[in-house]
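Enquirer: Got a predicted structure here, sequence first:
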Amino acid sequence: MLWYIGRRLLQMIPVFLGSTLIVYLIAFYTSGDPILTLAGDKPISPAVADRLREQYNLDKPVLVQWLIYLGNVLTFDLGVGFNNRPIWDQIAAAFPTTFRLAVIAVIVETIFGVIAGVISGLRKGKLIDTTLLMLSLLLIATPTFVLGFLAQFVFGLQLGIAPINVGRDPSWQNLLLPGFVLGGVSFAYVLRLTRTSIAETAGADHVRTATAKGLSRGGVVSKHILRNSLIPVVTFIGADLGALMGGAIVTERVFNVPGIGTLLFSSINSGESPMIVSLVTLLVIIFLLSNLVVDLLYGVLDPRIRYAK
Amino acid sequence: MTTTSVNPTPSTSPAGSAQPLLEIKDLEITFTTSSGPVKGVRSANLEVFPGETVAIVGESGSGKSTTAMAIAHLLAKNGSITGGQILFEGRDITHVSEKEIRVLRGDQVGLVPQDPMSNLNPMWKVGSQIRETLAANGVATGAEARKRTVQLLEEAGLSDAERRAEQYPHEFSGGMKQRALIAMGLAARPKLLVADEPTSALDVTVQQQILDHLDHLTGELGVAVLLITHDLGLAAERAQHLVVMYKGQVVESGPALELLQDPQHPYTKRLISAAPSLSSRRLVSAAQRAEVREQAQEQAQGHETALEAAADRTVEASHDPDAVIEVQNLTKSFPIRGKVPWRSTPFLAVDDVSFSLRRGTTTAIVGESGSGKSTVAQMVLKLLEPTSGRVLFEGQDVAGLGRRQLKALRRRVQPIFQNPYGTLDPMYSIYRTIEEPMRLHGIGDARSREAKVRDLLDKVALPAAMMRRYPNELSGGQRQRVAIARALSLDPEVVICDEAVSALDVLVQAQVLELLNDLQAELGLSYLFITHDLAVVRQIADSTLVMEKGKVVEQGTTDEVFHSPQQDYTRRLLAAIPGGSIPLAGSETIDVEAPVGLTDETGGEGDGGPDDIVDPFAQAGRV
Amino acid sequence: MRSDAQNARRPRAEHWVAPLAETPLQEVDAADTSTAPRSLWAEAGHSLIRNPVFVISALLILFVLFVAAFPQVFTGQDPRFGELGRANQAPGAEHPFGTSRQGYDIMARTFWGARTSVIIGFFAMIGSTLIGGTIGALAGYLGGWFDEVVSRITDIFFAVPLILGAIVVATRLGEMNLWTVILVLSVFGWTNIARIMRGAVISTKGQDYVTSSIALGASSPSVLLKHVIPNAIAPVIVTATVNLGVFIVAEATLSFLGVGLPTSAVSWGGDISDARDALRTQPSMLFYPSVALAVTVLSFIMLGDAVRDALDPKARKR
């Protein structure tokens, strides 16, 4: 298992460097003079331009800039935004909200997704399975923002049980509805993954052997089908937590949640590149970390890797 | 078929009573498939008495496994019993509820399944899976169960049982897993043990050990065994009563010896004559082989003179003029990753192997898994580069050949592989598959190629209409014949058969072997025949090499190796041939005394060699 | 053998033979020439047609394609013509779906929007499949250090999620047009195809028919193109079909966030974004483009599912 862990960690390094480099390059080098774009439509004097250039290290070679930037990221020194508040502070303020949202989404997708997937997988081909499958297709096909509007319409306007505008109070309660919406698509994926996994395992040889031993159906399902088929699902969910943080941007916009997504959106509108780059880099890092944790988790859960001789 | 009067009380009958433990009457089993209902078992009848061993013998599709699985209601989801009865201790259990059958499973009827690789749950320790059986059948729980588990594993022949019980299945070798499955099957002391091809996935020496052990155990415990097998020899050796099934029906049944020496039904007769280990053709085939060999050699000489003119080759001085392929000191070593990435240990898959294949003859390389025989074949085919040693083709070293020369060489040596279901490209029609080699080498035009394809199909006894079909429409034997046709399309001189018939049913195997034999005589081919099956070797090979762990252990003509084996290992292999010692009218038996002091099987992926060597095959497929 | 003690347990060790009439012998391994030949693709096509999911999705897709090609059939209005004077109207006779905040006729925008989505989805799918397919096939086939390097590159691109990557590019470029959107989607969306292709190639290249081909003297590239890829392509086709739907959603999401096509272009995502604040007042503005979007995407994903069921060897009986 040490070999497995070591290998994964080693593989993570180039990926981490590469992805941050790509984001950085695209952000600062796709077109024109970054300083001018930073300034937007406002005309600036060469002196100010030079000062900005220095502030953002743009007078140094690309790779050096990137490395400096990386160093800054790792020490949380991200500079100041257009509104002169430190970028890191802004992010830190918005982060917990988005995190809460993602957690709710993960809980939703795990509990409902796994239960629905198990039912579906065990009753493959029957009516309940077909219904759940159609539901999952609908959820995948419907864009999150449409789902969001639908939820707002039904639960917010018609039923009036949840606020459609989270605004200033991102409490757990208020974040419930957006959380459900965010978890919607993931729920569909978890359902399908669980379903396939369970259906495949249910036909496996060792399940028949377990039945032949005289185990009750419940015993066979819980000890031989579930345990084996849930590993891929667990790893998917783990990775999803990282992905959801980035995917929250749409949900936050729909429900006006003051999280990272909204921050990202407003920076897009104002063309505030440093903020955008910082946010995207941060989200990429979180994504990579959650993937890494999941890979390691897999190594622990599967005895073939844990006890590899 | 006469029936005994059925005693309806379900209590245990004392040993030696007249009531059968299990009765199957006119059983009919139907499967629902996408192309409609299919009858897996048409009408099966058999009886098993307490304490005896009954074997059901048949090829694939005979319904033997289906019948056995139906007893404890273990059929696949799309199968159901649509007729007939199953009586256990006089009680009709054909259509009882799930709850009731569960009572029977484990402590009345036990199962030892076929494939040790897939029948143990990889996520749980082996010991806990056995404890599960004990708990489910109310035998023991807790500390008592742990003790019992270790005892059961020891009983099944697993050494170091206490440590092994705390290990996971992937740490066991194939034979050890099978022993664990046997322990599991017998854990709750059932009255009837259904053993579904329990050793067909294992090496023949391991197979013998395990079956001996199983015989001993079930004899001691008084357990009746219903043994499912495709191997008539094995069935005759292990069971007293045989039941032969063909296409879902029982065609003949009776005491084992009587059945073998006086078969009545034509199918049984066919099986017996085709079964390599029991073949009464053994003596005859030796003489026949001599005739075939002469014919082949004459053909081959003609070949050689024709080629000599066109060739431009440098011939090695040490070259034996009669040998078409010569292998000298061939060695292949693989680096195995150790616990730390920069430390790797060499694993000698092939160690200093030398032999020569004479023109027009068949040389067999025999060995169990891990012996290196397939690796040798790959090096002869130049699919793998040797670490050291040489392969000479007609005196010319095949190493260092340029691309064009290599391509020309490939025309003369062709392979046939083991798995008929992977050997043909599913996207290519049969015609395209056989035509491809000719197209690759630019031989002839479209018309002449088509004519050749027809001719080849005819040679392998397939109708020309098969040309337009696709592999998914063909059976295993038919696919293998197409593979032979493809191999012959370039008129090679040497054909390397790498376990080419091992995956085929007995009758089909006999057919294909005959075909290969005939083709050899007709075309002057030389065969290098790789196999693990000694009995097959006897039918087809002129000279034999026995390999063990990469080294050649014994070499000589087939007769020599079979009649006067010099090495212990060879003797052990011969003694392990199932049914080899059963006398048949007019044929000889393979009577070999197994050497004493058989080592108990060590094993497990981590046990071979120094601690930091990792079995290469355990790494396969892992990212 | 324990025959003696054993046979004592059986009352009558009798030898029974079935009558030949009931158990006739057939030829060993006879070839069946009765039915017409059928390749795997033909078999797959056969089972596909019988699948109701396929039929429904195929019909829907045909409908969507028709709308994309000939939106004039469904609406006479010009989707780019927006007059503030007629903004915010509820569905009525002149504007059956109502009008938007800028005064566009929603029905026109809905039907004309199909073309944008279909074009973007289709070309992004082609682009990403070409990039991902090539990379995955080479990585899987060549193996070794090449595979390691390429897999890391794949991981790198995989780590930058589609939307985020698109956001960064869009911000830099300022204005996006049809082709830059397609480009962005292709560049950030090829990784799942690459992984699937790589996996399929690796499992295919180990098959005996590939080895046979090499033993016949076929060159490595010819084996890759003629044997490996045709057999590895099935799961890739399934993924590509589903990706088409995913890209359409992605484009809509980008427009919704304001980093997709400009508002002058006719895009469902853009329309939905526009109508955001009209949820309370005029939900029809949101409703029609949303339904159109959902139905289109659903049909492609359903198609992908149906195709997978037809091609999956595990679902097929040998």
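Expert: In hand now; what should we look at? Numbers count the residues shown, from 1 in each chain, chains lettered A, B, ... in the order given.
Enquirer: Please determine whether stretch B:110-130 lies in contact with chain A.
Expert: Yes. Applying Cβ under 8 Å from any Cβ of the partner chain, one finds stretch B:110-130 touching chain A at B:110, B:111, B:113, B:115, B:118, B:119, B:120, B:121, B:122, B:123, B:124. For every residue, glycine as well, the C-beta is placed using N, CA and C.
Enquirer: now the residues you listed in CSV, with neighbour count, secondary structure and pLDDT?
Expert: As requested, the residues of stretch B:110-130 next to chain A are exported to CSV (neighbours: other Cβ atoms under 10 Å in any protein chain shown; DSSP: H, G, I helix; E, B strand; the rest coil; pLDDT from 0 to 100):
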residue, neighbour count, secondary structure, pLDDT
B:110, 28, strand, 93
B:111, 30, strand, 94
B:113, 25, coil, 92
B:115, 19, coil, 88
B:118, 17, coil, 90
B:119, 26, coil, 93
B:120, 26, coil, 93
B:121, 25, coil, 93
B:122, 14, coil, 91
B:123, 20, coil, 90
B:124, 20, coil, 92
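Enquirer: can I get those residues in TSV with distance to chain C?
Expert: Shown next, in TSV, are these (distance: Cβ to the nearest Cβ, whole Å):
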residue	distance to chain C
B:110	19
B:111	22
B:113	21
B:115	17
B:118	15
B:119	19
B:120	22
B:121	20
B:122	19
B:123	21
B:124	25
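Enquirer: out of those, who's nearest residue B:381?
Expert: The closest of the residues of stretch B:110-130 next to chain A to residue B:381 turns out to be residue B:115 (Cβ to Cβ; 29.4 Å).
Enquirer: rewinding a little: so of the residues of stretch B:110-130 next to chain A, which two are at opposite extremes in space?
Expert: For the residues of stretch B:110-130 next to chain A, and using Cβ to Cβ, no pair is farther apart than B:110 and B:123, which are 22.8 Å apart.
Enquirer: How many residues are close by residue C:279?
Expert: 18 (other Cβ atoms under 10 Å in any protein chain shown).
Enquirer: Likewise for the one 5 residues further on?
Expert: Residue C:284 is flanked by 19 other residues according to other Cβ under 10 Å.
Enquirer: And for it, nearest residue in space, chain neighbours not counted?
Expert: Counting by Cβ to Cβ, 6 or more residues apart in numbering or on different chains, residue C:284 lies nearest to residue C:98, which is 4.6 Å off, once chain neighbours are set aside.
Enquirer: wait, the one you found sits on residue C:106?
Expert: Yes. Contact between residue C:98 and residue C:106 holds when scored by Cβ atoms under 8 Å: they sit 5.2 Å apart.
Enquirer: tell me, what's touching the two both at once?
Expert: Common contact partners of residue C:98 and residue C:106 (Cβ atoms under 8 Å, 6 or more residues apart in numbering or on different chains): C:284, C:285.
Enquirer: So between these two, which is more surrounded?
Expert: Taking other Cβ under 10 Å, residue C:98 and residue C:106 do not tie; residue C:106 has more neighbours (28 against 24).
Enquirer: Contacts only, for the more buried one.
Expert: C:95, C:97, C:98, C:99, C:100, C:271, C:284, C:285, C:288, C:289.
Enquirer: do the same with residue C:214
Expert: With contacts taken as Cβ under 8 Å, 6+ apart, residue C:214 has the following neighbours: B:383, C:220, C:223.
Enquirer: Next, it: phi, psi?
Expert: The phi and psi torsions at residue C:214 (degrees, to the nearest 10) take the values phi -60, psi -40.
Enquirer: could you measure it against residue C:207, distance?
Expert: Distance from residue C:214 to residue C:207, counting by Cβ to Cβ, to the nearest Å: 11 Å.
Enquirer: re the thing from before, so who does the residue nearest to residue C:284 touch?
Expert: Residue C:98 neighbours (Cβ under 8 Å, 6+ apart): C:89, C:90, C:91, C:92, C:106, C:282, C:284, C:285.
Enquirer: Can you tell me how far it is from chain B?
Expert: Remark: distance between residue C:98 and chain B (Cβ to the nearest Cβ, to the nearest Å) = 49 Å.
Enquirer: Please read off the pLDDT at that residue from the model.
Expert: Listed pLDDT for residue C:98 reads 80.
Enquirer: re earlier: possible to save the contacts of residue C:106 as JSON lines with distance to residue B:55 and secondary structure?
Expert: Output for these, formatted as JSON lines (distance: Cβ to Cβ, whole Å; DSSP: H, G, I helix; E, B strand; the rest coil):
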{"residue": "C:95", "distance to residue B:55": "82", "secondary structure": "coil"}
{"residue": "C:97", "distance to residue B:55": "76", "secondary structure": "coil"}
{"residue": "C:98", "distance to residue B:55": "79", "secondary structure": "coil"}
{"residue": "C:99", "distance to residue B:55": "83", "secondary structure": "strand"}
{"residue": "C:100", "distance to residue B:55": "80", "secondary structure": "coil"}
{"residue": "C:271", "distance to residue B:55": "74", "secondary structure": "helix"}
{"residue": "C:284", "distance to residue B:55": "76", "secondary structure": "helix"}
{"residue": "C:285", "distance to residue B:55": "77", "secondary structure": "helix"}
{"residue": "C:288", "distance to residue B:55": "72", "secondary structure": "helix"}
{"residue": "C:289", "distance to residue B:55": "71", "secondary structure": "helix"}
